[in-house]
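Engineer: this one's sequence-less:
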């Protein structure tokens, strides 16, 4: 059975990402995001669309006792978002002749708005036939239900698909949903084409 679909994560795979930059930025503002994440569902709720951007920012503003402006909070939150190299876009685009390309990201309205504003929403709409964002679908990786939702909504089969992510826990969730996987220890580059060929070869043999 041939591989027909590739499902890409966004941050750390397609888009360069440095989450530590956001953690450091908030420490300068007086907030420990790791501790806040352990003691609150704020980030999960934001990524699954249970709360909106205003509530999220207002909550962080209150947590910081109003010492940081809301603009500073948004800037710190977005500081993890880095470059989208044109050569990576070209490489991914070259795969469209052989595969349906899909995007699945754990994200939120502030981050995706910033990404679209910086790099152009049309870039992503041209690259991917379908885009699934956690805050829009109400599901996030690594929940198996998240991957099953993507398969059903896209009308594709797990055994005909590959999921690409930089986080091992998300890779495990996709495998539990019956999807082939590639762990992206680095963002997509020429190494990815080689890994893709290896999986395609194994699938073809079986």
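Structural biologist: Done, it's in. Predicted, not measured: the structure shown is a model, and the values here were computed from it.
Engineer: quick one: residue 91 from residue 196, how far?
Structural biologist: Computed as Cβ to Cβ, to the nearest Å, the residue 91 to residue 196 distance reads 11 Å. In this view, the C-beta of every residue, glycine as well, is placed from N, C-alpha and C.
Engineer: looking at the two, which is more packed in?
Structural biologist: Under the criterion of other Cβ atoms under 10 Å, the comparison of residue 91 against residue 196 puts residue 196 first, with 20 against 15.
Engineer: let me see the contact set for that one.
Structural biologist: If a contact means Cβ atoms under 8 Å, 6 or more residues apart in numbering, then residue 196 has 3, 6, 95, 162, 182 as its contacts.
Engineer: let's have the residues you listed in a markdown table, adding pLDDT and secondary structure.
Structural biologist: Formatted as a markdown table, the contacts of residue 196 follow (pLDDT from 0 to 100; DSSP: H, G, I helix; E, B strand; the rest coil):
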| residue | pLDDT | secondary structure |
| --- | --- | --- |
| 3 | 94 | coil |
| 6 | 98 | strand |
| 95 | 97 | helix |
| 162 | 97 | strand |
| 182 | 97 | strand |
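Engineer: now for these: which two are most distant?
Structural biologist: Across those, the longest distance by Cβ to Cβ is 12.4 Å; it joins 95 and 182.
Engineer: looking at the two, which is more packed in?
Structural biologist: Regarding residue 95 and residue 182, a neighbour count based on other Cβ under 10 Å identifies residue 182 as having more, with 21 against 17.
Engineer: tell me who's in contact with residue 73.
Structural biologist: 29, 57, 60, 61, 64.
Engineer: is it true that the second one touches residue 71?
Structural biologist: No - with the criterion set as Cβ atoms under 8 Å, residue 57 and residue 71 do not qualify as a contacting pair; they are 9.4 Å apart.
Engineer: neighbour count: these two, which is higher?
Structural biologist: The residue with the greater number of neighbours, taking residue 57 and residue 71 and applying other Cβ under 10 Å, is residue 57; the counts read 17 against 9.
Engineer: just the pLDDT for the more buried one.
Structural biologist: Residue 57 carries a pLDDT score of 97 in this model.
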